[in-house]
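*Asks:* Below are the sequence and a predicted model for it; my questions follow.
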Amino acid sequence: MDKDLRPRQLTGYSRRTHLSNALFLLPTIVLFTFVVLIPFFQGIPYSFTSWKSIVSTDHPFNGIANYKYLLGNKYFRMCLGVTFNFTIQYLLWSNVLGFSLALLIHKSSLFNNISRTIFFLPFTISVTAGAIVWSYVFTDVYSPLTGNVSPLGLPSQVVPAMAIMASWRDMGYCMLIYIAALQTISQDFYEAATVEGANAWQKFIHITIPMIVPAFTTNITLILAWGLRTFDLPMVVAANLQEGQTTAVYIYQSIFANNKASLGQAAAIILTVILIVLTQIVTRVLRRLEVET
């Protein structure tokens with residue numbers, strides 16, 4: 001048997017290292033299992049019933065009626081459209097702004113270190129607090145200065161306004177991921193390119209971008225997942241505006257406000273399937289673009 005094809009034997013030190021890493025992950029895995037996985041799988045059977053209220057014990061089986069209703073329901077499809085619209089804008093602006101900031105301040109200096117802290121600070125506050133601040137900015141600053149109505153009150157502008165709020169909060173997180181990736185690129189690549197006569201743009205396209213694809217994979221996948229399941233932002237700034245309701249809000253309203261718990265559970269499963277499929281596709285596509293160093 002070829003030596004290269006034999007399974008690698010772990011040393012005692014490697015086994016201890018893997019075991020200690022697993023023990024550090026264990027509390028998170030246990031918490032995720034009991035808080036997310038188990039409730040999700042327990043809720044799947046309820047999506048095939050006509051369960052009304054979460055306090056009701058009566059849940060007669062109705063097959064796939066809930067899924068048929070949701071796929072044919074105009075309001076649910078509108079909520080899905082709002083979710084995708086918001087996610088695309090949020091994904092674009094968070095990564096564009098985060099990457100631009102990273103390019104500007106990725107080199108270590110006192111000014112850059114202070115700037116990183118300032119740009120990252122919004123990520124440390126809650127979405128609700130940030131939404132309240134931006135509601136004030138749009139209503140009491142933007143409107144008086146420009147004479148225009150707050151975008152949070154206009155059906156055609158509420159989604160872009162929410163995307164601005166979310167991007168402002170999370171661009172600092174994306175920035176740090178990109179900075180970490182940029183700092184791992186060896187200067188030898190740039191020096192060799194300079195010797196070959198490459199200009200700054202060619203270095204950026206052929207060295208910088210390919211070398212930080214893993215950072216793009218991380219940021220795009222995370223922002224995509226966060227955007228698809230966003231709930232608190234529309235609840236704070238667009239609770240009374242139908243055009244600002246996301247799928248997560250629809251799920252909440254169905255389960256807790258409209259006494260349609262089984263319908264909300266079916267909507268949650270549809271959203272989860274969409275989230276898993278899209279994140280898997282994006283991750284696989286981006287990983288194929290990664291280069292080995």
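*Replies:* Nice, I can see it. Residues are numbered from 1 along each chain as shown.
*Asks:* what kind of secondary structure is the nearest residue to residue 208 once chain neighbours are set aside in?
*Replies:* In this structure, residue 208 finds its nearest non-sequential neighbour in residue 185, 6.8 Å apart by C-beta to C-beta, 6 or more residues apart in numbering. C-beta here means a position set from N, CA and C on the backbone, and glycine is covered the same way. Following DSSP: H, G, I helix; E, B strand; the rest coil, we place residue 185 in the coil state.
*Asks:* Can you report how many residues lie near residue 185?
*Replies:* By other C-beta atoms under 10 Å, 16 other residues sit near residue 185.
*Asks:* List the contacts of it.
*Replies:* Residues near residue 185 by C-beta atoms under 8 Å, 6 or more residues apart in numbering: 207-208, 211-212.
*Asks:* And the helices in the stretch 1-150 of the chain?
*Replies:* In the stretch 1-150 of the chain, the helices defined using DSSP state H, counting those that start in this stretch lie at 12-32, 38-43, 65-72, 74-105, 110-120, 127-136, 143-146.
*Asks:* Turn those into CSV, columns for mean neighbour count and distance to residue 189.
*Replies:* As requested, these are exported to CSV (neighbours: other C-beta atoms under 10 Å; distance: least, C-beta to C-beta, whole Å):
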stretch, mean neighbour count, distance to residue 189
helix 12-32, 10, 31
helix 38-43, 12, 45
helix 65-72, 16, 50
helix 74-105, 19, 16
helix 110-120, 13, 22
helix 127-136, 16, 38
helix 143-146, 10, 46
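*Asks:* since we're on residue 237, how many residues are nearby?
*Replies:* For residue 237, the count of nearby residues is 24 (other C-beta under 10 Å).
*Asks:* I meant to write residue 64 there.
*Replies:* Residue 64 has 11 nearby residues by other C-beta under 10 Å.
*Asks:* ok, back up a step: now that we have the contacts of residue 185, which one has the most neighbours?
*Replies:* residue 212 (23 neighbours).
*Asks:* Quick check: that one touching residue 178?
*Replies:* Yes: assessed by C-beta atoms under 8 Å, residue 212 is found in contact with residue 178 at 6.6 Å.
*Asks:* shaky segments in the chain?
*Replies:* 1-13, 291-293 (pLDDT under 70).
*Asks:* One more pass at 50, please.
*Replies:* Filtered on pLDDT under 50, the chain yields the residue ranges 1-5.
*Asks:* Pull out the buried residues from stretch 184-204.
*Replies:* By 16 or more other C-beta atoms under 10 Å, the buried positions in stretch 184-204 come out as 185, 189, 193, 198.
*Asks:* Tell me the spacing between the first one and residue 178.
*Replies:* With distances defined as C-beta to C-beta, to the nearest Å, the gap from residue 185 to residue 178 amounts to 11 Å.
*Asks:* Mutual contacts of these two, please.
*Replies:* Common neighbours of residue 185 and residue 178 (C-beta under 8 Å, 6+ apart) are residue 212.
*Asks:* now the helices for the stretch 151-293 of the chain?
*Replies:* 158-183, 187-195, 200-203, 209-211, 213-228, 232-237, 247-252, 261-288.
*Asks:* Please give me every residue in contact with the nearest residue to residue 167 once chain neighbours are set aside.
*Replies:* Distances taken as C-beta to C-beta, 6+ apart put residue 93 closest to residue 167, at 3.8 Å, once the chain neighbours are dropped. Residues near residue 93 by C-beta under 8 Å, 6+ apart: 163-164, 167, 171.
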